[in-house]
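Novice: here are the coordinates; sequence isn't available:
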């Protein structure tokens with residue numbers, strides 16, 4: 001009788017993580033963990049740890065932790081423990097107890113893939129039989145079946161990861177990252193609005209919501225001004241932030257373009273044309289309207305450039321991980337809890 005194997009793909013993101021499985025599970029969870037502040041909170045919540053939206057909903061009664069920062073696990077004992085809790089929680093959503101064997105491919109930001117590989121393996125050890133850690137840009141390319149001379153630009157919350165893909169798992173020299181990503185845009189929105197409107201009171205969550213709803217660059221300007229509600233010294237206002245939004249969104253373009261040029265220039269010159277014509281824009285930041293066209297325009301001095309903007313940036317990395325889990329021979333993997341039963 002064939003062994004009953006559950007295959008899992010995970011996109012471990014700074015802001016949001018996604019899990020998909022061969023058992024038709026699809027789960028999206030904010031990468032945030034909460035623990036009760038005191039015994040009263042513990043009795044009220046009836047749990048020691050809460051995750052994602054549920055943690056945010058009860059945040060006043062919790063100590064909140066975001067264990068990933070700028071694409072890497074924060075260097076504290078607490079955060080290493082919390083990322084282990086979080087990975088165990090994600091895997092648990094796939095009902096692994098219903099299967100004889102569980103194997104997982106975890107896509108992480110490019111830097112986490114190298115710096116924190118051991119910590120991620122350790123975190124997964126209690127829940128899976130075997131695991132492989134890959135860079136998130138490679139998972140995206142694999143999901144799209146675009147692993148032949150492709151350059152992936154994956155704009156996450158903490159980092160923008162760039163990766164040359166050419167038919168094999170990329171090495172450190174094939175990847176670059178920059179902190180000019182989603183969280184940076186949020187901070188720039190706050191800075192731009194407060195510069196325009198003295199005394200404006202804006203939180204990071206407000207800026208993120210505005211970005212997710214209204215973000216754009218010069219190649220796709222909105223027909224109507226962007227009007228949002230916020231307070232100025234406690235007074236409710238509805239004001240125009242169109243110019244603020246454009247400047248904030250465009251603030252990440254030049255660093256990305258510079259890194260793309262470096263990755264292409266450092267590659268085998270026989271394949272420069274293919275890398276220029278096979279660029280993929282992925283991650284949550286790919287949702288900024290007009291961004292793909294603007295990157296093409298800023299790279300036009302390099303020759304004929306084509307940037308493909310993905311259709312499903314949230315699930316794509318996890319889907320690539322699942323496909324890898326089901327297709328890649330397991331002898332390539334690092335075995336974890338293989339105790340006989």
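Specialist: Received it, and whenever you're ready, just let me know what you need. Since the model is a prediction, treat every value here as computed from it, not as a measurement. Numbering: from 1, shown residues only.

Novice: quick one, what contacts residue 35?
Specialist: When contacts are counted by CB atoms under 8 Å, 6 or more residues apart in numbering, residue 35 is found next to 48, 49, 50, 62, 63, 65. C-beta: built from backbone N, CA, C; applies to glycine.

Novice: Same question for residue 271.
Specialist: 149, 166.

Novice: Please apply the same query to residue 6.
Specialist: 21, 22, 23, 94, 95, 96, 98, 99, 101, 102, 103.

Novice: Can you go through the contacts of residue 35 and name the buried ones?
Specialist: 49, 50, 62, 65 (16 or more other CB atoms under 10 Å).

Novice: Now tabulate the residues you listed in TSV and tack on pLDDT and secondary structure.
Specialist: Shown next, in TSV, are these (pLDDT from 0 to 100; DSSP: H, G, I helix; E, B strand; the rest coil):
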residue	pLDDT	secondary structure
49	89	coil
50	89	strand
62	89	strand
65	84	strand
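
Novice: Save the residues you listed as JSON lines, and put in distance to residue 176 too.
Specialist: Below are the buried ones among the contacts of residue 35 laid out as JSON lines (distance: CB to CB, whole Å):
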{"residue": "49", "distance to residue 176": "35"}
{"residue": "50", "distance to residue 176": "35"}
{"residue": "62", "distance to residue 176": "36"}
{"residue": "65", "distance to residue 176": "28"}
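
Novice: Report the two of the residues you listed separated the most.
Specialist: 50 and 65 (10.8 Å; CB to CB).

Novice: hey, what's in contact with both of the two?
Specialist: 33, 34, 35.

Novice: Out of the residues you listed, name the ones that lie in helices.
Specialist: Of the shared contacts of residue 50 and residue 65, none are assigned to helices by DSSP state H.

Novice: so which of those comes closest to residue 144?
Specialist: residue 33 (31.1 Å).

Novice: what's around that closest one, how many residues?
Specialist: Neighbourhood size, residue 33 [other CB atoms under 10 Å]: 24.

Novice: thinking again about what came up before, closest to residue 165 among the shared contacts of residue 50 and residue 65?
Specialist: residue 33 (32.1 Å).

Novice: so what's the closest one up against?
Specialist: 49, 50, 51, 55, 64, 65, 66, 67, 82, 85, 86.

Novice: Nearest residue to the last one in space, please, no chain neighbours.
Specialist: By that I understand residue 86. Using CB to CB, 6 or more residues apart in numbering and skipping residues adjacent in sequence, the residue nearest residue 86 is residue 33, 5.8 Å away.

Novice: Could you list everything that neighbour pairs with in the sheet?
Specialist: residue 51, residue 65 (DSSP bridges).

Novice: what's the pLDDT at it?
Specialist: The score at residue 33 is 90. That number is its pLDDT.

Novice: Could you give me the buried positions within the helix or strand containing residue 88?
Specialist: Element membership of residue 88 [criterion: DSSP states H and E] is helix 77-92. Using 16+ other CB under 10 Å as the test for burial, helix 77-92 gives 79, 80, 82, 83, 84, 85, 86, 87, 88, 89, 90, 91.

Novice: Hmm, residue 32 and the first one touching each other?
Specialist: Okay, so that is residue 79. No - using CB atoms under 8 Å, residue 79 is not in contact with residue 32; the gap is 11.9 Å.

Novice: Mind listing the shared neighbours of these two?
Specialist: Common neighbours of residue 79 and residue 32 (CB under 8 Å, 6+ apart) are residue 65.

Novice: from the contacts of residue 6, which would you call buried?
Specialist: Using 16+ other CB under 10 Å, the buried ones in these are 21, 22, 94, 96, 99, 102, 103.

Novice: these two touch, right, the fifth one and residue 21?
Specialist: It refers to residue 99. No - applying CB under 8 Å, one finds residue 99 not in contact with residue 21, separated by 9.5 Å.

Novice: Assess the claim that residue 197 and residue 239 are in contact.
Specialist: Yes - applying CB under 8 Å as the test, residue 197 and residue 239 come out as touching, 6.1 Å apart.

Novice: Skipping its backbone neighbours, what lies nearest residue 108 in space?
Specialist: Per CB to CB, 6+ apart, closest to residue 108 is residue 12, 4.7 Å.

Novice: Report the contact partners of residue 167.
Specialist: Contacts of residue 167 by CB under 8 Å, 6+ apart are 147, 148.

Novice: correction: residue 181
Specialist: Contacts of residue 181 by CB under 8 Å, 6+ apart are 155, 156, 157, 158, 159, 160, 252, 283, 285.

Novice: out of those residues, which are inside strands?
Specialist: Assigned to strands by DSSP state E, the following of those qualify: 155, 160.

Novice: of all the contacts of residue 181, which comes closest to residue 177?
Specialist: residue 159 (4.7 Å).
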